[in-house]
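Enquirer: After the sequence you'll find the predicted model.
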Amino acid sequence: MLVLMAASMRPTAQSSQLTGVRYYTGQNVAPVFEGWEKNPDGSFSFVFGYLNRNYEEEPEITIGPGNSFSPGPADRGQPTHFYPRRQQFMFKVRVPADFGKQELVWTLTRAGRTEKAVAHLALEWELTEIVYSQNRAGLARDSVTALPNTAPTIAINGTSPMAATVGTPVTLTVAATDDGIPKPAGRGGAGAGVTAGTATAADPAAGAATGSTTAGAVAPVTPASAPGRGRGGPPAPPPLVNTRQGPVQQALIRPARTGLAVTWTHWRGPGRVTFTPQTITVKDGAAATQAVFSAPGAYVVRAYADDGVLLGSGDLTVNVTGSQK
């Protein structure tokens, strides 16, 4: 008798050595050092993102041995909720003007694997507006023709913490402003014809580029073994690398193309948060969403204002009560 066995489309542990395998759950999260910025007061900000190697699972890694900074305080405002795949430029950690040659290390441990991102002030890792533009397919801007651009400002409306109930929608509102630079695509801006979300993803976890580069999209090359400048692998190239091997997937905050936009994110807290809508164009200086929380607990919601190149962010604490549904 001939027996036919259906093969699952989702990989098992035995397929771990196959190149390009997609894992939907059970994988770790790698921290990423994106680069640094100099602040007007002389201090510096280290910018971080991450690579969640799962294509569906959104792990919650609480502050502690599995999610910490060193030296100094373990909690530097990093996320504990991690969206799938590569998320760039997610948060900043300010360090003093005399930081010098010191290093700041973000450590994440998950699924039995520990990875570190090491932040430093090497000159070639400075994040300029042009670097942001290149990494976010930024409306074809360059250092010769681009007008000076200031990051958007954003402020949460209402009191924090806010009260909410499991399963009941709550309205979240922000005020957001921008300098109007760059001009939105289709309104005389240089990025006309470039559509948000058209960048197909190279898979950093597989260690190989897949998909083609769309117009204006340039991404840094990041070794799979060491996203950012992590220990345990060779240092990655600096952010400004014009190697066209397919843009890095930025699944959550797609660069705005029709004007200033706000994207809402689940930053910390148990369960899941559903935003309707998750991204919305700012109108009359404000943007709102309906958020539903799946489980009781203390949450932090982070809202990003995006002008297509630069980001501003604001946080709101929400205390959720009620029975889990």
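Expert: That came through fine.
Enquirer: pLDDT value on the closest residue to residue 65 other than its chain neighbours, please?
Expert: Distance criterion CB to CB, 6 or more residues apart in numbering; nearest residue to residue 65, sequence neighbours excluded, is residue 109 at 6.8 Å. For every residue, glycine as well, the C-beta is placed using N, CA and C. The model reports residue 109 with a pLDDT of 98.
Enquirer: Need the three-state assignment for residue 109.
Expert: strand (DSSP: H, G, I helix; E, B strand; the rest coil).
Enquirer: and residue 108, what are its bridge partners?
Expert: Beta-bridge pairing for residue 108 (DSSP bridges): residue 67, residue 115.
Enquirer: That one and residue 30 touch, don't they?
Expert: Yes. Shown here, residue 108 and residue 30 form a contact pair, counting by CB atoms under 8 Å, at 6.8 Å.
Enquirer: List the residues that contact the closest residue in space to residue 162 that isn't next to it in sequence.
Expert: Setting aside the residues directly before and after it, residue 162 is nearest to residue 318 in space (CB to CB, 6+ apart), at 4.9 Å. For residue 318, the contacting residues are 161, 162, 163, 164, 170, 269, 291, 293, 298, 299, 300, 301, by CB atoms under 8 Å, 6 or more residues apart in numbering.
Enquirer: Looking at residue 108 and residue 30, which is more packed in?
Expert: residue 30 (28 against 25; other CB atoms under 10 Å).
Enquirer: All the helices of the chain, residue numbers only.
Expert: Using DSSP state H, the helices of the chain run over 129-135.
Enquirer: Check the residue most central in space within it and give its pLDDT.
Expert: Centroid check for the chain by CA atoms, centre = their mean gives residue 87 as the closest residue, at 3.0 Å. With respect to pLDDT, residue 87 scores 96.
Enquirer: I'd like to know the beta-bridge partner residues of it.
Expert: residue 50.
Enquirer: For it, give its distance to residue 32.
Expert: Residue 87 sits 9 Å away from residue 32, going by CB to CB, to the nearest Å.
Enquirer: shared neighbours of the two, which are they?
Expert: Residues touching both residue 87 and residue 32 by CB under 8 Å, 6+ apart: 49, 50, 51.
Enquirer: Distance-wise, check the second one relative to residue 137.
Expert: To tie it back to what came earlier, the one meant is residue 50. The gap separating residue 50 from residue 137 is 20 Å, by CB to CB.
Enquirer: Surely residue 158 touches residue 174?
Expert: No. In this structure, residue 158 is not within contact of residue 174 by CB under 8 Å, at 9.4 Å.
Enquirer: Comparing these two, which residue is more hemmed in?
Expert: Remark: of residue 158 and residue 174, residue 174 carries more neighbours, 23 against 11, as counted by other CB under 10 Å.
Enquirer: For that one, which residues are in contact?
Expert: Each residue near residue 174 by CB under 8 Å, 6+ apart is listed here: 154, 155, 156, 157, 262, 286, 287, 288, 303, 305, 314.
Enquirer: Could you identify which of these has the most neighbours?
Expert: In these, the most neighbours by other CB under 10 Å go to residue 262, 30 neighbours.
Enquirer: still on that earlier bit, out of the contacts of residue 318, who's nearest residue 92?
Expert: Using CB to CB, residue 300 comes nearest to residue 92 of the contacts of residue 318, at 15.4 Å.
Enquirer: coming back round to it: could I have the buried ones of the shared contacts of residue 87 and residue 32 as PyMOL selection syntax?
Expert: Under the burial definition 16 or more other CB atoms under 10 Å, those of the shared contacts of residue 87 and residue 32 that qualify are selected in PyMOL by:
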select buried, resi 49+50+51
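Enquirer: what's the distance between residue 63 and residue 76?
Expert: From residue 63 to residue 76 the distance is 9 Å (CB to CB).
Enquirer: er, residue 91 I mean
Expert: From residue 91 to residue 76 the distance is 8 Å (CB to CB).
Enquirer: What residues does residue 300 make contact with?
Expert: Applying CB under 8 Å, 6+ apart to residue 300 gives the contacts 267, 268, 269, 315, 316, 317, 318.
Enquirer: Which of those fall in strands?
Expert: Using DSSP state E, the subset of the contacts of residue 300 located in strands is 267, 268, 315, 316, 317, 318.
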